[in-house]
Each structure stands twice: as structure tokens, then as C-alpha cells.
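# Predicted model and sequence follow; I will ask about them next.
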Amino acid sequence: MKEKFENIADIYGTPVYVYFEDILLKRAKKVKEVFEDLNFLPTVAVKANNNPALLKILEEMGFGADILGEGELLACTLAGISPDKIVWNGNGKTFEQKEYMIKNKVKYVNVDSFEEFNYLWKEENNIELFLRVNPDIDAKTHPYISTGLKKHKFGMSFTQAEDLLKKYSERISGFHLHIGSQITEVLPFKEALEKTYELAKKYNIRKINIGGGWGIKYKSENELDLNILRKELLPTLKNFDLIINEIGRFIFAPAGFLLTKVVMVKKTETKTFVVTESGMNHLIRPALYGAYHEIEVLDKSGPVEKVDVVGPLCESGDFLAKDIELNLPKIGDLIVVKNAGAYGFSMANNYNGTTQPAEVLVKKDGSLKLIRKKQKVEELFSSCII
Ligand SMILES: Cc1ncc(COP(=O)(O)O)c(C=O)c1O
Ligand SMILES: N[C@@H](CCCC[NH3+])C(=O)O
């Protein structure tokens, strides 16, 4: 791997997101195989990674997509994902977006609220409606990425879903569930599904979208065990005619690495700081959730020291890791941040007038392909009017 990363830095410069096609294919295959004996439509959550070249790889494997709006729909169109495999999500859908999705023949929508149904979906059209229910189940994940408790902004209560079913049952084809992200235990998924199935039985709802949230190993936690997930969910899922899921992190995270350069190593009275080109502008997860990402210095000749790896931005919260043991690098050394393929580039931003990294794909045969150019400073203000 070291030579590969050095080679990529030589050719494309840094910072750069690097994705390995072989890992991506392996992860996607696992997701696809979980319920392949059922009528199963696996979809990829585009919010986790919207690079059309990567989405195209998944499209070729049969994946559909979960999108939030026009931007993510465009990424899917560029990737060749057919609209009849696309699910439209979101808790803030507008009338104009609805027209756009209908015009573009998007097949499924997850209706987030009772109010949304009444505002947008009462009249007949060609989109299949799934009601997003909030099962009030604790996903046991970070509070910012937990979505299935009553206090969260997502979904409608079972009572509200029933009220809609009583009046509009012929308009509603399925239920949608998404209780959070980075969930590593099977039980919350099982409980949420079984609770929803009770209602589905009562109103003869035959389609279910079980959402995403399948967790990976970032540090000491175990990855969600897909064999156990299958075993526990299958008896209930067998009662449905169509099962959809929406997976982001599980597919993308382990396939992606942020390769960036050390710009300074500084010592204060209490700490050693390794300053890199990239901070919360290129990978915001540590700053936003206190998330852990393993970091490796490619040149391991330095002594191991406890350091903070930080970005160059004007924020104390601008860090990639805190108090980690690292071979002390020198200015110009390369570091890689692991498990950065999901919610890495897709959440990158231009804070402090900085530019976004390039993205490179390492293909199965080892060859390299630039799949997004590094952003140029001149592009930053191209839409401003002075
Ligand atoms: C509605 C919905 N579906 C799917 C996902 C994908 O989640 P994950 O990347 O955890 O699989 C998300 C994000 O949590 C989401 O909000
Ligand atoms: N962006 C989050 C997950 C939220 C998923 C979208 N509902 C993360 O980086 O972990």
C-alpha cells in the first residue's frame, strides 16, 4: 500500500481521496447477498459518497440509489442508475422538487410526515409511496446520527401512519424505517422491523424499506454481523413482497482513504501537534461527532509519540485525531486517514477559502483513474457577483 499511496501523491498531488475498487466490490457484494433469495432491491445511500464513477460501479452490480434531492439525482443519472431503482428521501421536500422527481420518473418516495403526505401526496401520480415510520427505538449510536426515537425530527408515529392508511390505503404501498447510522448491534433493527410488521399485517402492506445504518469497525467496536442480521430479520422479511435497503457507510467507508501531507510538526509545553493540509474541511467527522479514524504515517522511521493530528483551519475543533500514538512525521511526509470513504468527501467544504481534494480510484487491475479533479482556487468565487 505504501508505494501505491506514494505513487498517487507523486502523480496527482495531495490532498487526495483514494478509493480501492476491489474493497468497494467486496463490500457491495456482502450487502447485495444478505437478502438475495428474497425480492430485494439494494440501494446505495448517495449522501455517503456521491462520486458518479463509484456509483457506476455499484450500478453495474445492480444497485439502485437513495437520494435526497436534485443534486444526488444528477449524480445517479451520470452514473447510469435507472430512476425505477431510485428512492427519494428527506424531511423537507418541496412542491418543486416533487414535480422534478415525477418528471424524472423516480419510482419510490419515503414520505417523512403526516403533514408531508397531506401537502404533497394526496393526489394520484406515478411515484410509489412508502410511509417513514418512527418506531421509537434506540439505535445505540452517536446521538447526532440516531434517528429512530420519538424526539428525532424523522418519520411519523404509528398512530399518524394508521390515520393515513385508514383514509388512503390504496395510495400507500410500503413502510420505510431508518433508525440511525453506524449501528453495530442487530437487536434495534430487529425490534424496529417487528414493530412495523405488526402494522403492515393489519393494513396488508406488502413492501418494506429497511433503511441503512449498518455499522463498521472504526476502532474497538465490531462491525455489524450480517449473518446474524439475516438470521434475525429473515422470518419477518419473508412476509413482504419487496424489500429495499439504503446502505452508505458499510459499502464505502472501508474502501476510501484520505491521503494528505504534513505541513508542520509543532510542540507546545503540553502537546505535540502534527498539522496536515487537511482538517475539518476535508473530513469533518472527527470535529462533528468526535469520530475516530485510524491514521498512519507512511514513513515509520520516526519515534512513536502521543500527538494530536490537526488541520490548518482557524478552529480549535479542527482536528483529525486527538491523543493518538504515531510515528512522528517530518514536514512533507504523507499520512493516510482510514475508513474515510463514507461521509468524507461528500461532507467536505470550503471553510477558510480552502479547496477540496481530488479523488482517485485504484482499479481492480491496480491501474489508477482520476475520478474528480482537485478544486482550483479560481473556482471558489466563480458564482459570486461583485
Ligand atoms: C434515510 C436514510 N437512509 C439511509 C442512510 C444511510 O445510512 P448509512 O450510511 O448509515 O448506511 C441514511 C443516513 O443515515 C439516511 O438518513
Ligand atoms: N454523516 C454521518 C452519518 C449521517 C448519515 C445520514 N443520515 C457520519 O458521518 O457518520
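Right, received. Where do you want to start? Ligands and ions are numbered 1, 2, ... in the order given.
# which residues are in contact with the top strand by length along the chain?
Determined from DSSP state E, the single longest strand within the chain is strand 256-267. Outside strand 256-267, the residues that touch it by CB atoms under 8 Å, 6 or more residues apart in numbering are 5, 8-9, 14-19, 49, 272-278, 282-283, 297, 312, 328-342, 344-345, 357. Just so you know, the C-beta spots here come from the backbone N, C-alpha and C atoms, and that holds for glycine as well.
# What's the PyMOL syntax to select whichever of those residues are buried?
Command for PyMOL that selects the buried part of these, burial taken from 16 or more other CB atoms under 10 Å:
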select buried, resi 5+8+9+14+15+16+17+18+19+49+274+275+276+277+278+282+283+297+328+329+333+334+335+336+337+339+340+341+342+344+345+357
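# now, which of the contacts of strand 256-267 lie within helices?
Residues of the contacts of strand 256-267 located in helices (DSSP state H): 5, 8-9.
# The residue of the stretch 201-350 of the chain found nearest ligand 2: neighbouring residues, count only.
Per CB to the nearest ligand atom, residue 343 is where the stretch 201-350 of the chain lies closest to ligand 2, at 3.1 Å. Using other CB atoms under 10 Å, residue 343 is surrounded by 27 other residues.
# Touching, it and residue 46? I think so.
No. The pair residue 343 / residue 46 is not scored as a contact, 11.5 Å apart, by CB atoms under 8 Å.
# Check the contact lists of those two and give me the overlap.
Common neighbours of residue 343 and residue 46, using CB under 8 Å, 6+ apart, are residue 248.
# need the contact list for the residue of the stretch 201-350 of the chain closest to ligand 2.
By CB under 8 Å, 6+ apart, the residues touching residue 343 are 47-49, 248-249, 253, 284-285.
# one more time with 7 Å, if that's ok
Neighbouring residues of residue 343 by CB atoms under 7 Å, 6 or more residues apart in numbering: 48, 249, 285.
# can you tell me how far the first one sits from residue 68?
Separation of residue 48 from residue 68 (CB to CB, to the nearest Å) stands at 11 Å.
# neighbour count winner among those two?
Legend: neighbour count by other CB under 10 Å for residue 48 and residue 68, higher for residue 48 (26 against 18).
# Does that one touch residue 250 like I think?
No. Using CB atoms under 7 Å, residue 48 is not in contact with residue 250, being 9.0 Å away.
# Buried ones in stretch 287-306, by neighbour count?
287, 289, 291-293, 295-298.
# Identify the farthest-apart pair in the residues you listed.
Put simply, by CB to CB the two of the buried residues of stretch 287-306 set farthest apart are 289 and 298, 26.4 Å from each other.
# which one is residue 287 nearest to, not counting chain neighbours?
Nearest-residue entry for residue 287: residue 280, 4.0 Å, with adjacent residues in sequence omitted and distances by CB to CB, 6 or more residues apart in numbering.
# Help me confirm that the one you found is found in a helix?
No. Under the criterion used here (DSSP: H, G, I helix; E, B strand; the rest coil), residue 280 is coil, not part of a helix.
# Might you report the residue contacts of it?
Counting by CB under 7 Å, 6+ apart, residue 280 touches 287, 311, 313, 315, 317-318.
# near ligand 2, which residues of the stretch 51-200 of the chain?
Within the stretch 51-200 of the chain, the residues that sit near ligand 2 (CB under 6 Å from any ligand atom) are 145, 181-182.
# Now with 5 Å, please.
The stretch 51-200 of the chain comes close to ligand 2 at residues 145, 181, as judged by CB under 5 Å from any ligand atom.
# From the rest of the structure, what touches the longest helix anywhere in the chain?
Longest among the helix segments of the chain by residue count, using DSSP H, is helix 187-202. By CB under 7 Å, 6+ apart, the list of residues contacting helix 187-202 from outside reads 133, 135, 137-140, 148, 158, 161-162, 175, 177, 179, 183, 208, 210, 229, 232-233, 236, 239.
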